[in-house]
Every structure is written in structure tokens, then in C-alpha cells.
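[1] Sharing a model prediction with you, sequence too.
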Amino acid sequence: MQTFISETIDDILLKHSSFEDCVFVLPSQRAGVFVKDTFKNKIVEGFLPEILTIESFIGQISEISKADAIQLLFHFYTIYCEVEEHPDSFDVFSSWAFVVLQDFNEIDQYLINTQAIFTYLRDVQRLKKWSVKGEFKETKLMKDHLIFMERLGVYYSKFYSFLLDKKIGYQGLMYREATTKTAAFINKHPHKKFFFIGFNALNKAEEFLFEAFLENEQSEVYWDIDRAFFKSNHSAGSFIRKYKTKWKYYEKNTLKQISNNFLAEKNIEIIGATKNISQLKYAGEILEGFSNHQNTALVLGDESLLSVALNSIPENVDAINITMGYPLQNVPTSQLISAIFQLFITQDTLQRTAANEFYHKDVTRLFKNPVIFQLVSEEAQQELVSIQEIISKENTSFIDLATISSYLAPLEEESSAVILAIFKPIISVNDFISRILNLLENAKDHVSVLEKEYLYRFYNAFTQLLNLNNSKNYFQNIKTIYQFYRQIIANEKLSFQGEPLNGLQLMGMLETRVLDFENVIITSVNENIIPSSSTQNSFIPFDIKVEFGLPTYREKDAIYSYHFFRLLQRAKNIFLLYNTENDSFGSGEKSRFISQLELMRTGLTSKRIAPKVLTEPKEQIEIGKNKQVLEKLRELAVKGISPSAITNYLYNPIAFYKQKILRISELDLVEETIAANTMGTVIHDTLEELYKPYINLFLSTDHLDIMMKEYKKLVAKYFIKHFKNGDIATGKNRLAFEVSKQFVKRFLSLEKKVLKEGHQVKILGTELALETFFTVPGIDFPIKIKGIVDRIDEFDGVTRIIDYKTGKVNAADLKVLNFEEIQTVKYSKAIQILLYAFLYSQNNSLKTEPSLEAGIISFKNLKGGLLKINFSSKVKNPDYSITDEKLQEFMEQIKLLLQEIYNPEIPFKEPKTLSYS
């Protein structure tokens, strides 16, 4: 395959044998590597030409050094503060300054008359508030915006002069200054020959430079354009057609090397894939089919998918060159820095700065970071792991410096001091930056070579921030520097090292300029990606851009069109992948470039792919009962099985196994908001203490009046006990606290109402622990059943067993019509209540006349009163009485369930479906 670079050099070699006084100007540094390699294969001896990128070339002419984005922002703020009497803070300024700088850059690149455009902008704003009636209600925001737009010209002129004095600038300034010095530069180098190779969309300054060099007749321009685009109205050739029409040079000269490769025979596949990962996985399958990847490019339309692409490269790719950088914000060190910032930002947001207390999640996030882990020895790493367990156990939402110091005490002294320094009160912004630098400095001796590179980049960034702040002092608080830090790393990337001429080329669309490949795979060929979205951040409206000849989305679409179709010109095997899945942001619509390609060529192959879905049936978990398990079950029989354990087995035998055999409990986390079980415990304990003094007494309304005076104090007492270190003064916790008080108040009011209606209530016991042993056929040892009954009372001579539930319970949950059906989750609440009744019957003989009832008081259904176990289906004639016969029939079913649990032949088996109740 004859590449554009090879064709160009062949043409140059026909006229030139020596290149000592030749300069090749290229769009990118990467293109220069391929030019050198091509020269190596075409000349035997001699000097290579000087090879420059267009940016370097402009720098030589303008004699101005390019300033980085941080420097420009700080210098711009200096000018802004000089102009404004009441300037915005640096963080507010930086939120819009980058957009202004971009506008300044475009204005200079396109050699716009600055006075004219800023006056035009000002007049447009004035017209907006003009009214025929002479009345216009102007808000402060509108007034501030008008003042801002009127001062843009002042900002520009002062900033431009400031940068010129320092001989530094942004790219546009360098271009504008270069145009004023072009003639002098040409006269200074009369013997040099300049070759401009592979350009397409030129800004006005570049057009001026190219024309000036061409008119000197010591320069040549080599465009890479195909006849299919140049001889038609296709957008890919729009720029070069314009230069051919408007440049004076081409009135007497023809364009060099118009190729005719696009319509040559090619294998083109258009592939629709579901989601982004499917695209890249399929791209990996395509690469796997190539025996040699030497002349192959994988081009990512969406460069944020680089990490996915790297994980999709097949094993037969033995060499790869990655032209894109890896986003700095994705490396572990970035997460460490963000975690440190978050400590103090959350502290300030939650107003904990004065006490120097830190939110527990921010503390554990920092301690979990891999860099912090590597700072300490392997033995001490376990101490870092245990810190989270300690915080959870103490239920500490906010942790002070002294507590953190105690957590770090077991660590090595040096590491402990470095980590503890992070948490100390902040004296100044410079002090905060110095802490981060100190941490990075200490971490470098404990990490891998790759991680050292990460640390080095962050160390440089923060050193630069420290130096700038020392000279300017613009960072007033942590939030400002954090916002600025995020803006920096969003655009910073780590470069990969590799051999640019060998193996697979993994690149973004812009890196393909001037280069040609035999095999091309392009991913994310969707609208709003290729070409990119039409939205632009600018203070210059669209119509004004058109009026002054500034680029809009239309020009940018044409640039994308050129890059896309140029890459296909000489390729033989082309694979275009796009995302077929629609979403609210427009993905799923294939790029217009694919539609254009389908109209321009025949013989294209189109298909859609989807990941292979394996429909292997999920095997239910089964755990057999070996000797160890049976021994644990025997221990459980001695210790006692609770009603909740039995209902847990009905719900999921595997969960029963984990909890009762393996004794695995749920992870203990810090309870920031009051959990339902904590709220239930508080209400239970409050009612127990309220009713305890009246055991074996008949309640009176006076007793209830005393309780009404005490309940608020007791609810608060038990919240403090069970919600350790929790804050119940605000937010959801305050709501839960108030709801708990309301539950107790409404319950006591209901009790008082019952007494006023003439009923007699005698308290027999609260929170009674009951237990009994009984034998089960087939099991050669007795089994203990145990449970704690919330309340037992006597209501008009009928003994009642009562269980409190803070959740919602309905009467239907407690209806039992057939005991043979009771071994299901549906009857879990009924099973629990009947087991309490059974335990009571074993300790108190039932009378001949039915006098025992049992039920649930649901605090979310207090209007229902005591919801009793009902053995009748008749609505008007319920059966609430619990007799020996009914209990025996019920216990027969419980024995069958226990026989299943203790049967060594029946494994613990996960149910096919799990209920959510």
C-alpha cells in the first residue's frame, strides 16, 4: 500500500536530492516519526530535513513561548482584578474564564478585528434591553452580564499586552503575532525550502502564512485529498476546494497529488453493536482474525473507552502502540487526593470545622486507599482494616483528631505521623497543599514503578499550584483549590511509552492525521461522537460567529468529515462499529458519515451483533449435613431454637445454615439514620419500663396518666442507648425519634380508651423469657424451644399473649384455617405467635374453658387493636380461642419441620424463588 507520506516524499525526491535547507511542517509530532521512517527507506545517505509541527513552526516565527493553562488563568485573573473594582472570587472566576480564554484564542487564530467584534457584542447586548416604550425591567443578573460583555474588550487588550511583555501566550496570540513577523522570517531564511504536508482545515492565520510562503516560491503545500471529495460537494473536501478557489497562488498553479483511492476495491463492514463494551469486544475478535497487526489501526471515536479497549485486545497482538494518554483522574492516586479533599469539604458542609471532626465514610475511604495501605507494613495493614470495624462497633458518625490518633497508634511511628498530619486543622491553603506534597513524597518509596509515575505527575501539579499561590495568593479556601484541581486533572493524561512504528496502533481520530493503514477499525461511529455534538461553550453567539467568520459546528463537522473519510481512502479492510442502543443523549443513531458512505459506495456489508447470552440454568445451592453440621445442630437444640429461627428456615434454609450453623452475621455498619430494628428495640424497651411497675396489677387510668408523663423521657433514654453516638436532633433521625414518641403516645391513648370503656386489664408480665424442652420422633435428644414474649395480660378474664410489631401487620396475616398448610412463609407471623402460646401452655396449664388468646399489636395499624390469631373463615363469627387440641395439632407440624431440619439425609437447599416478605 502506497501511503500519502510515501507518495509525497517520492514527489519531493524527484526535485530534491539534498535536504539540509529543507523544513517539513506537519500537523502532528506523530506524523514526523513516520516521515523519518519513510525517508530511511528511500535515501541511502544524507541529512534529513528539519521536521516541525505547525505549533513549533508558529513558535519560531512569533518568538513567543506557549504558556500552559494554569499560568494563563492566573495571569488573566491578575488583569481581571485590575479592571474590576469588585472582582469575583477566584473559584467563581475560573468557572467562566476558561470559556473566555477559548474565545480569545479563536478570535486571534482567525485574525478578527478585535475592536469590531467586541463593539458588536456590546451593541447586541444593549439592543436586547432596548424597548419601544422605554421601559425595561433589568435584574441584577442581567445588569452584571451586560457589564461583563462590555468589558470583554478591555480584558482582551490588557491581557494581550500583558502576555506580549512577558513573551508568552496562548496559541491564538502566537498565531496573530506570527502573521506580523512572517515577511521578516522569510527574509531571514532566504535559502530554506518549506514543505507543508497533510493539512486540511486552516485558520485564517495559517491561511495567511501558507499563502505568504507560497508566494515566495520557496515553499510547497501537499494536500491529502481524494478526487471523490474534491470534485464533488462533499464536506470532506470543502476546505481544500475553498483554498483552490480563493488563493492567488492557485490561479497559476495546480493542486499536487489529487489521489483516486477512495473508490478502489475495499472490504467495508458496518457493524451495529449493543452498547459500547460490545463494540470493543467485537473489535478484539476482528483483531484476533488478523495474523499480522503491523499495518492495522484501532481508532476510538470515544476516547473515554480506552481502558475497555485495552482489556479487549486479544492475546495474538504481540506489539501495540497507544497514542492516547490515560486519564489522570482514573488512576488510584487521583482517588487518594479526592479523598483528602473530601475530608475537609464534608467537614465544612456539615459544620464540623470548629470541632475538627470528620465524617466516618470519608475517614474509612481514605484508609482504604491503596496508596495509604502501601505506606504501612503488611502487619499494620490489618490495623487499617480493623479501623472500620471499630468505627462501626462504636457507631461513630463523626470522628475527632484524638480518636483518629488512637486508631493510628498501632502503626509504625513514621507512617502514623504522615497520615495523622492530613487530619490536623488547616492553617492555610499553602499548609494544605504542603500536606499533600509531604504524603506524596513519603509514598514514593513504598509503591511500584508505575505508581511512582502517577505520584510524580500529581507532585508536579501540586508543586506548581503551591508556587503560583505563593506568588498570587488567589486560593482562599479548600473548595476553590479543589474545583481548580478537578479542572486540571480532567484534561491531564499519562502518556504510554512504546515503539510508534511497530504493531497495532491504538489511537484517537485526530492522531490519524497524515497516516494511512491497510486495516482500519473505527468504534463509536455514532452521531454526537463522529461528528461531535454541535453544542459549543462560548460567549460569542452563533450569528455573530457567522458574521465575523469564526468557526461554528458546521466547520467542525466538515473537519471530522475530512479526518473520517481521509482515513478510509487507502485502507483495504475497513470495520465501522456503532452503538445501536438508544438513550436520552442520542446514542444509537449511527453517524451521518456511515449513511454518506452507503450512498457513495456499493458492496458494503452491514450486520448487527449482540453478546452471546448463555442460558445455563442456575443451580440451586445445596449443602449436605456432615458430622460437623449435625454437631452444630445438636448444640442448637441444647441452646434453644427461637420462633424467628424457625421462620427463617422456612424463608430460606441456606440463610438458616449461614446464621445458625456457620454463625455468620451481617456486616456491622455505622448506623447514620435510625434503622427499623433500632426503632423497634427502643419502643419495646420503653413499653417494658413503663409497664414493669404494674405487673400483677389491674391497670387504671391514673397509671396511664403517669405513663403519659414519662414516655418522652424514656424514648430519649433508649435512643441514646441503642443509637450510639447518633444525632437525633436533625434530619431523618429527628423524624424517626418523633415518630417513635407518637407510636408510644397513641398506644397509651388506646389503652386508656379501653379502660374508660369499662374493660379490666391486668398485666401478668412484660418481656418474659419462656422456654421448654420437648421430644421429636426420630430425634434421639430433646430440643429446646425458647422465646421472649413482649407482653402477657388478662383482658376481662381472658389471658392474652401479645407481640409488638413496629411494622405493618394485617388481620389476614394471622388467619389459620388448616394446620397442614402452615409450613410456609405466608404463615410466619402466625407460627411465631402460636409458638409463644405453646411456650406459655407448657408453663401454665390451660383451663377447660377456652381462656387463651394471642396476637400482634401493629404500631402502623393501631386502629386494628390487638390482631388475634383467628381459626375461623367466618367474618361474623371468628374463633380466637387457643386450646390444647389446637396447639397439639400445630406442634405436629412444627415437629415435622424439625425432623426435616435434623434429618441428615435432607440437605439445606435454596428455594427456587425467594419471597420478599
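    Received it, and whenever you're ready, just let me know what you need.

[2] and the residue lying closest to E20 once chain neighbours are set aside, what does it touch?
    Spatial nearest neighbour of E20, chain neighbours left out: F47 (4.9 Å); criterion: CB to CB, 6 or more residues apart in numbering. Placement of C-beta: from N, CA and C, glycine included. Residues in contact with F47 (CB atoms under 8 Å, 6 or more residues apart in numbering) are S18, F19, E20.

[3] Can you read off the pLDDT for I674?
    Note on I674: pLDDT of 56.

[4] name the helices or strands packed onto the host helix or strand of L690?
    For L690, the element it lies in under DSSP states H and E is helix 676-691. Contacts defined by 3 or more CB pairs under 8 Å, 6 or more residues apart in numbering; DSSP states H and E place helix 676-691 against helix 701-722, helix 731-756, strand 761-774, strand 783-795, strand 798-805.

[5] which stretch among these comes nearest F593?
    helix 731-756 (51.8 Å; CB to CB).

[6] tell me the mean pLDDT for the closest one?
    Helix 731-756 comes out at a mean pLDDT of 89.

[7] Ignoring the adjacent residues along the chain, who's closest to L437?
    Spatial nearest neighbour of L437, chain neighbours left out: F462 (5.5 Å); criterion: CB to CB, 6+ apart.

[8] quick one: contacts for N442?
    N442 touches L375, E414, S415, V418, counting by CB under 8 Å, 6+ apart.

[9] quick one: which of these has the most company?
    Compared across the contacts of N442, L375 has the highest neighbour count, 24 neighbours, by other CB atoms under 10 Å.

[10] any idea how far the closest residue to that one other than its chain neighbours lies from F423?
    In this structure, L375 finds its nearest non-sequential neighbour in S415, 4.9 Å apart by CB to CB, 6+ apart. Here S415 is placed at a distance of 14 Å from F423 (CB to CB, to the nearest Å).

[11] Now stretch 280-297: buried residues?
    L280, K281, Y282, A283, G284, I286, L287, F290, H293, N295, T296, A297 (16 or more other CB atoms under 10 Å).

[12] and what of stretch 575-595?
    575-580, 587-588, 590-594.

[13] Flag the least confident of those residues.
    S587 (53).

[14] farthest pair in the buried residues of stretch 280-297?
    Of all pairs in the buried residues of stretch 280-297, the most separated under CB to CB is K281 and N295 at 22.9 Å.

[15] now the helices for the stretch 451-600 of the chain?
    478-491, 542-548, 553-569, 592-600 (DSSP state H, counting those that start in this stretch).

[16] least trustworthy helix or strand in this protein by mean pLDDT?
    Among the helices and strands of the chain, helix 378-394 carries the lowest confidence by mean pLDDT, DSSP states H and E, at a mean of 74.

[17] Buried residues, it. List them.
    Buried-residue list, helix 378-394, by 16+ other CB under 10 Å: A380, E383, L384, I387, Q388, I391, S392.

[18] same deal with stretch 453-473?
    Y454, L455, R457, F458, Y459, A461, F462, L465, L466, L468, N469.

[19] now for the helices and strands packed on helix 676-691, which one comes closest to I654?
    strand 783-795 (21.3 Å).

[20] name the helices or strands packed onto that closest one?
    Packing partners of strand 783-795 (3+ CB pairs under 8 Å, 6+ apart): helix 627-639, helix 676-691, strand 761-774, strand 798-805, helix 828-843.

[21] I'd say Y651 and I831 touch.
    No - the pair Y651 / I831 is not scored as a contact, 11.2 Å apart, by CB atoms under 8 Å.

[22] So which of those two has more stuff around it?
    I831 (24 against 17).

[23] Which members of the buried residues of helix 378-394 are the farthest-apart pair?
    Within those, A380 and S392 form the most distant pair, 20.0 Å apart (CB to CB).

[24] got the CA coordinates for stretch 297-317 in PDB?
    What follows is stretch 297-317, C-alpha atoms only, in PDB (Å, rounded to 0.1, in the frame of the first residue of the first chain):
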ATOM      1  CA  ALA A 297      -5.200   0.800  13.400                       C
ATOM      2  CA  LEU A 298      -7.900   0.600  16.100                       C
ATOM      3  CA  VAL A 299      -9.400   4.100  16.200                       C
ATOM      4  CA  LEU A 300     -11.600   5.000  19.200                       C
ATOM      5  CA  GLY A 301     -14.300   7.600  18.400                       C
ATOM      6  CA  ASP A 302     -14.900   7.900  22.100                       C
ATOM      7  CA  GLU A 303     -11.500   8.100  23.800                       C
ATOM      8  CA  SER A 304     -13.000   7.700  27.200                       C
ATOM      9  CA  LEU A 305     -13.300   3.900  26.400                       C
ATOM     10  CA  LEU A 306      -9.600   3.500  26.300                       C
ATOM     11  CA  SER A 307      -9.500   1.200  29.400                       C
ATOM     12  CA  VAL A 308     -12.200  -1.000  27.900                       C
ATOM     13  CA  ALA A 309     -10.300  -1.200  24.600                       C
ATOM     14  CA  LEU A 310      -7.100  -2.200  26.400                       C
ATOM     15  CA  ASN A 311      -8.900  -5.000  28.100                       C
ATOM     16  CA  SER A 312     -10.300  -6.200  24.800                       C
ATOM     17  CA  ILE A 313      -7.000  -6.600  22.900                       C
ATOM     18  CA  PRO A 314      -6.600 -10.300  22.000                       C
ATOM     19  CA  GLU A 315      -3.500 -12.300  23.000                       C
ATOM     20  CA  ASN A 316      -2.200 -12.600  19.500                       C
ATOM     21  CA  VAL A 317      -1.400  -8.900  19.400                       C
END
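
[25] Now do the same for it: mean pLDDT, whole number.
    89.

[26] which residues touch the residue lying closest to K784 once chain neighbours are set aside?
    Nearest residue to K784, sequence neighbours excluded (CB to CB, 6+ apart): G640, at 4.1 Å. Contacts for G640 (CB under 8 Å, 6+ apart) come out as E771, K784, I785, K786.

[27] The second one is in contact with K639, isn't it?
    When you say that, I think you mean K784. Yes - assessed by CB under 8 Å, K784 is found in contact with K639 at 7.1 Å.

[28] Compare those two and say which is more crowded by neighbours.
    Taking other CB under 10 Å, K784 and K639 do not tie; K784 has more neighbours (15 against 11).

[29] what's the distance between L127 and M149?
    12 Å.

[30] which of those two has more neighbours?
    Taking other CB under 10 Å, L127 and M149 do not tie; M149 has more neighbours (18 against 8).

[31] Give me the contact list for the helix holding L690.
    671, 707, 710-711, 714-715, 718-719, 721-723, 736, 739-740, 743-744, 747-748, 763, 766-767, 790-791, 804-807, 859.

[32] For PyMOL, write the select line for the buried members of the residues you listed.
    Filtering the contacts of helix 676-691 down to the buried ones (16+ other CB under 10 Å) takes a single PyMOL command:
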select buried, resi 671+707+711+714+715+718+719+722+723+736+739+740+743+744+747+748+763+766+790+791+804+805+806+859
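
[33] just to revisit the earlier point, model confidence for the residue nearest to E20, exactly?
    pLDDT, F47: 82.

[34] For it, which three-state class applies?
    coil (DSSP: H, G, I helix; E, B strand; the rest coil).

[35] check contacts around L515.
    Taking CB under 8 Å, 6+ apart as the contact definition, L515 lies against T3, I5, R30, A31, F34, A297, Q505.
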